[in-house]
Structures are given as C-alpha cells and as structure tokens.
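Trainee: Could you look at this predicted model? Sequence included:
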Amino acid sequence: MLHLPDILIELIFIFSHFLLFVATYKVIKNDIMHPAVLFSLLWFVILLARFIFSYTLLNELFPIRISTHLIIFIGALAFSGGAFIQTAIWKKESSQKKIDEVPRDPEETLNLNLRIIFLAIIAIGLPFYILASYKLFLASNIDNFFIGLRTQLVYGDEDIGLVKYLVSFSFIVFGINLYAFFKEKNKVNTVSLIITFLITLTYVIFITGRGFFLILFSLYIGMAYLHNEKFSFKRILRFFSLFMIVFMAFGIIYGKGGNKEDTVKENIKPASQATAIYLVSAINALDWELNHQLVINHDGNNSLRLFVKLGEQLNLIPNAKVEELVQPFVFVPYPTNVYTLYSPYIKDFGIFYAWFMVGIFGFIHSWVYNKAITTKDFRYSLYYSFLLFPLLISFFMDFYLTILSSWIQIVFYTESFIFLNKRFKARRL
C-alpha cells in the first residue's frame with residue numbers, strides 16, 4: 001500500500017495525464033478516437049487503475065519513482081506532439097490541395113470471389129495449424145494442453161513452422177470481412193463475417209497469448225468507428241466489458257489466474273488479481289529496470305531486432321546478438337516479464353531516443369488516421385484499425401518496432417489483396 005508522499009506523487013501525475021487528455025481532446029475538437037486522444041486517455045486510465053489496485057487487489061504493489069512517472073508523462077506529450085505536428089501539416093496541405101473536395105468512393109466494393117478465396121485459405125490452413133500446435137504440446141511433456149503449448153511457444157526450442165504466418169493472414173481476412181460487412185449488411189456479408197471471426201478466434205486461442213485478443217477488438221472498433229453510423233463510445237464500453245470477461249476466462253483456461261477445476265466464485269479473486277497484474281505491473285517493471293539493471297547498449301538489439309537479425313544472417317554485423325522477445329521475470333512484488341512500450345527503446349539508445357520514437361509513432365498514427373477519416377477507403381481503414389493494437393497495449397509492452405516482421409506481413413497481405421481486388425474488378429469490366 002502506498003504511503004502519503006507516494007500517494008501525492010501518484011495523484012499529481014494522474015491529474016497531469018487527465019489534463020493532457022482533456023487538452024488533447026479539445027485541440028483535436030472532441031474526437032475521442034483520434035490516436036493522440038486515445039493514447040493520453042489510455043495512460044490516464046492505466047495509472048488511475050494502478051492507484052486503485054494498490055489499495056484493493058494489489059495492496060503490496062511497489063510505489064513508482066518520480067523519474068519513471070516523468071518518462072511516461074513526457075512520452076505521452078511526445079506522442080501528442082507528433083500527432084499535432086502531423087495534423088497541422090495535414091490541415092495546411094488540405095487547404096492548399098483541397099483534399100476534402102476529392103471525390104470519395106463510398107461504394108468501394110471488395111470482390112466476393114476474392115474474399116472467399118482468402119477465407120478458404122485460412123479455413124484450409126486451420127487444421128494444419130492445430131496439428132502443429134498439438135505436436136508442440138506433446139513436446140512439452142505437460143498434461144494441460146494450453147499450458148504445455150504456451151510453454152513450448154514461449155520457451156521451447158521447436159518452432160511451430162510456416163503455419164505461423166496464417167495467424168497474421170487471418171487477421172487480414174477478418175478485417176476484410178469487417179469492412180465489407182459495414183459497407184453492406186446483407187446476408188452474405190454477415191455469414192462471411194461470422195465464419196471468419198470464428199476461424200480467426202480459433203487461431204488466436206491457439207496462440208495462447210491473451211494480448212492478441214486485443215487485435216480482434218482493435219479491428220472491430222476501428223472499422224466500426226469509420227464505417228458504422230451507429231457507432232458510439234458507450235457501445236464500445238459495453239463491448240469492452242464483454243471483452244474483459246472473455247479475457248479473464250481465458251486467463252483461467254491458460255492457467256494465468258484461477259483454476260478451471262474450481263467454481264466461478266472461487267475463480268473470481270485470482271482471475272481479477274491476475275488481470276490487475278496484467279494491466280499495471282509493467283509500469284512497476286519499467287521502474288525496477290530503470291533503477292536496478294538498466295544498461296544502454298547503443299546497438300539496437302531490442303527495438304531494431306529485425307535489422308540486427310538480418311545483419312547477423314548476412315554477416316554484415318559481426319558478433320550480433322538479437323535479444324529475445326520474452327524478457328526475464330521481475331517481482332514488484334508481483335511477477336511480471338513485460339516492461340511497457342518504453343523499455344526496448346530506452347535500453348537501446350536512451351530516454352531521448354524513446355521519446356523521439358514515441359513522437360514518430362504519434363506522427364504516423366495521426367497520418368494514417370487522417371487518411372482513413374478523409375478517404376474512408378479500405379487500405380487506410382484497415383491500417384488505422386491495426387495500429388490501434390500497439391497503441392492500446394503500449395502500457396504492457398512494445399508492439400511497434402520489436403515485431404516489425406509482423407507489420408511487414410500485414411502490409412504485404414493487405415497490399416496483395418488490394419492489388420488482386422483491382423485485378424478482379426478490371427476483369428469484370
């Protein structure tokens with residue numbers, strides 16, 4: 001439990017994040033789904049939740065140093081600053097080029113035959129993915145399927161194989177069918193969306209990482225915001241409540257808080273505590289890392305893993321060492337092995353590099369958002385929705401540069417679909 005000086009520090013920074021959220025919300029002209037607004041709101045909510053949990057579910061939680069609070073708050077300022085700069089540039093170019101007057105294509109269609117082909121690929125690939133997962137489970141020598149599978153995926157020497165690329169592909173197919181559904185809510189699009197959702201959900205379940213459920217959530221709210229006339233923040237909050245129930249339920253299934261052999265009542269407390277640890281402990285882990293074992297390597301092995309790995313394989317970088325995505329556990333005093341968005345960037349080139357990169361992310365987010373909200377086309381609608389994921393999970397860990405290979409897959413699959421869709425439409429004409 002926090003003492004009085006710590007309480008004052010916590011409240012000061014919580015209030016500072018709230019003021020930043022309000023200011024950003026006003027500057028952006030009351031657009032709650034703008035990335036800058038979401039980022040500031042997210043960190044306000046997480047810090048507030050951390051404060052509440054320190055008196056309830058996690059009453060042994062260590063206090064956070066002022067220096068760590070400053071890093072997080074200035075990071076939020078950097079993200080907003082990057083977004084504001086891009087928005088200012090966008091408005092200036094819009095006034096000069098009259099972008100807003102460019103005719104839109106509100107009836108942009110995604111070829112049904114092509115959508116069926118993409119859906120068939122993930123449907124046919126699903127049994128092979130499940131079989132590969134089962135083989136990994138057998139290698140774990142653990143009785144519980146999901147715990148054994150999770151152990152092998154995270155710590156095992158064997159890889160699940162080429163079928164792993166079907167996971168990111170399934171997210172693309174889900175995004176494609178979401179877009180088609182919101183464009184025209186007919187029976188075919190409804191059935192296609194339901195089937196795609198069930199298949200993609202199965203892939204996500206076998207990943208055994210609950211954070212990936214947030215990708216489905218991000219795709220839904222992104223597409224709904226851009227293309228559903230009935231979109232409302234209240235509806236999103238209700239949907240998020242359902243999401244959290246599912247999140248906690250799978251925590252029990254995966255053995256991350258609770259026991260599936262126990263009753264619902266018996267699982268409420270451990271599942272709630274495990275979820276609270278998931279939400280706020282990364283901030284404590286970052287604080288511990290900054291003040292105990294931080295060594296700035298100046299080598300990019302954390303945030304620039306893909307480039308270091310390519311350099312290693314091409315013998316361009318001698319003695320290169322690519323850091324593992326899975327970090328060691330620390331106890332704060334609750335066990336956690338995630339250190340927020342800021343950790344890999346600080347470890348590579350220091351705090352100013354972390355702030356700079358967060359500002360760049362704010363700039364990119366804002367550019368994609370402005371393109372999506374202006375054109376409403378499929379490409380930027382999908383990219384905006386996907387980018388909500390690393391933003392919404394930034395309190396947990398970095399999903400920007402550290403998983404750059406996944407973003408390359410997403411771009412490749414998306415652009416391939418757009419290219420093929422144009423070809424299919426041209427053949428019809």
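Mentor: Yes, it's here. Nothing here was measured: the structure is a model prediction, and the numbers come from that model.
Trainee: Tell me the spacing between the nearest residue to Ile215 once chain neighbours are set aside and His365.
Mentor: Counting by C-beta to C-beta, 6 or more residues apart in numbering, Phe389 is the residue found nearest to Ile215 once chain neighbours are left out, at 4.9 Å. (Each C-beta comes from the backbone N, C-alpha and C, glycine too.) Between Phe389 and His365 the computed distance is 11 Å (C-beta to C-beta, to the nearest Å).
Trainee: Quick check on the two: which one has the bigger neighbour count.
Mentor: His365 (25 against 20; other C-beta atoms under 10 Å).
Trainee: Helix, strand, or coil at that one?
Mentor: On the three-state scheme (DSSP: H, G, I helix; E, B strand; the rest coil), His365 is labelled helix.
Trainee: so what's it closest to, chain neighbours aside?
Mentor: If the residues on either side of it in the chain are set aside, His365 comes closest to Pro35, at 3.6 Å by C-beta to C-beta, 6+ apart.
Trainee: I'd say that neighbour and Trp367 touch.
Mentor: No. The criterion here is C-beta atoms under 8 Å, and Pro35 misses it with Trp367 at 9.7 Å.
Trainee: Mind checking which of these two has more residues around it?
Mentor: Just comparing Pro35 and Trp367: by other C-beta under 10 Å the higher neighbour count belongs to Pro35, 29 against 19.
Trainee: Can you check the pLDDT for the more buried one?
Mentor: For Pro35, the pLDDT comes out at 96.
Trainee: Provide a list of residues in contact with it.
Mentor: Contacts here follow C-beta atoms under 8 Å, 6 or more residues apart in numbering; on that basis Pro35 touches 79, 83, 362, 365-366, 369, 387-388, 391.
Trainee: Just the buried ones from the residues you listed, in PyMOL syntax?
Mentor: Buried subset of those, written as a PyMOL selection, criterion 16 or more other C-beta atoms under 10 Å:
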select buried, resi 79+83+362+365+366+369+387+388+391
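Trainee: and the spatially closest residue to Leu41 that is not a sequence neighbour, what element?
Mentor: In space, Leu41 comes closest to Phe21 once its chain neighbours are excluded; the distance is 4.9 Å by C-beta to C-beta, 6+ apart. Secondary structure assignment for Phe21, by DSSP states H and E: helix 4-27.
Trainee: Now do the buried residues in that helix.
Mentor: Counting neighbours by 16+ other C-beta under 10 Å, one finds that the buried residues in helix 4-27 are 6, 9-10, 13-14, 16-18, 20-21, 24-25, 27.
Trainee: Compile those into TSV and extend it with columns for distance to Val280.
Mentor: Output for the buried residues of helix 4-27, formatted as TSV (distance: C-beta to C-beta, whole Å):
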residue	distance to Val280
Asp6	15
Ile9	16
Glu10	12
Phe13	14
Ile14	12
Ser16	17
His17	14
Phe18	17
Leu20	19
Phe21	18
Thr24	22
Tyr25	23
Val27	28
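Trainee: Output these in CSV, with pLDDT and distance to Leu131 appended to each entry.
Mentor: As requested, these are arranged in CSV below (pLDDT from 0 to 100; distance: C-beta to C-beta, whole Å):
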residue, pLDDT, distance to Leu131
Asp6, 83, 51
Ile9, 92, 52
Glu10, 93, 49
Phe13, 96, 49
Ile14, 97, 48
Ser16, 97, 51
His17, 97, 47
Phe18, 97, 50
Leu20, 97, 49
Phe21, 97, 47
Thr24, 96, 48
Tyr25, 94, 49
Val27, 91, 52
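Trainee: quick check, nearest of those residues to Val191?
Mentor: Tyr25 (38.7 Å; C-beta to C-beta).
Trainee: pretty sure Tyr380 is in a helix, no?
Mentor: Yes. Under the criterion used here (three-state DSSP), Tyr380 sits inside a helix.
Trainee: Let me know whether it touches Ala372 as I believe.
Mentor: Yes. At 3.9 Å, Tyr380 and Ala372 qualify as touching, with contact defined as C-beta under 8 Å.
Trainee: more neighbours, these two?
Mentor: With other C-beta under 10 Å as the criterion, Tyr380 and Ala372 differ in neighbour count, and Ala372 comes out ahead with 24 against 19.
Trainee: Run through the residues that contact Ile32.
Mentor: Applying C-beta under 8 Å, 6+ apart to Ile32 gives the contacts 25, 38, 41, 233.
Trainee: Helix, strand or coil: sort out it for me.
Mentor: Three-state assignment for Ile32 (three-state DSSP): coil.
Trainee: For it, what are phi and psi?
Mentor: Backbone torsions of Ile32, given as degrees, to the nearest 10, read phi -70, psi -20.
Trainee: Is it possible to get TSV of the contacts of Pro35 that adds secondary structure?
Mentor: Rendered in TSV, the data for the contacts of Pro35 read as follows (three-state DSSP):
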residue	secondary structure
Phe79	helix
Ala83	helix
Gly362	helix
His365	helix
Ser366	helix
Tyr369	helix
Leu387	helix
Leu388	helix
Leu391	helix
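Trainee: Show me which positions of the lowest-mean-pLDDT helix or strand in the chain end up buried.
Mentor: Among the helices and strands of the chain, helix 305-313 carries the lowest confidence by mean pLDDT, DSSP states H and E, at a mean of 79. Burial within helix 305-313, assessed by neighbour count using 16+ other C-beta under 10 Å, is assigned to 305-309, 311.
Trainee: Take those and write them to a markdown table, including distance to Asn267.
Mentor: Written out in a markdown table, the entries for the buried residues of helix 305-313 read as follows (distance: C-beta to C-beta, whole Å):
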| residue | distance to Asn267 |
| --- | --- |
| Arg305 | 37 |
| Leu306 | 39 |
| Phe307 | 44 |
| Val308 | 42 |
| Lys309 | 40 |
| Gly311 | 47 |
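Trainee: Could you give the separation of stretch 50-68 from the chain centroid?
Mentor: 24 Å (C-alpha atoms, centre = their mean, to the nearest Å).
Trainee: Look at Ile89 and report its pLDDT.
Mentor: We have a pLDDT of 92 for Ile89.
Trainee: Neighbours of it, how many?
Mentor: Using other C-beta under 10 Å, Ile89 has 14 other residues around it.
Trainee: immediately after the strand or helix carrying it, which helix or strand?
Mentor: Using DSSP H and E, the element containing Ile89 is helix 66-97. Going down the chain from helix 66-97, the next helix or strand is helix 112-140, by DSSP H and E.
Trainee: Report all helices and strands that that following helix contacts.
Mentor: Contact analysis of helix 112-140 by 3 or more C-beta pairs under 8 Å, 6 or more residues apart in numbering; DSSP states H and E lists helix 145-155, helix 165-183, helix 187-207, helix 404-428 as its packing neighbours.
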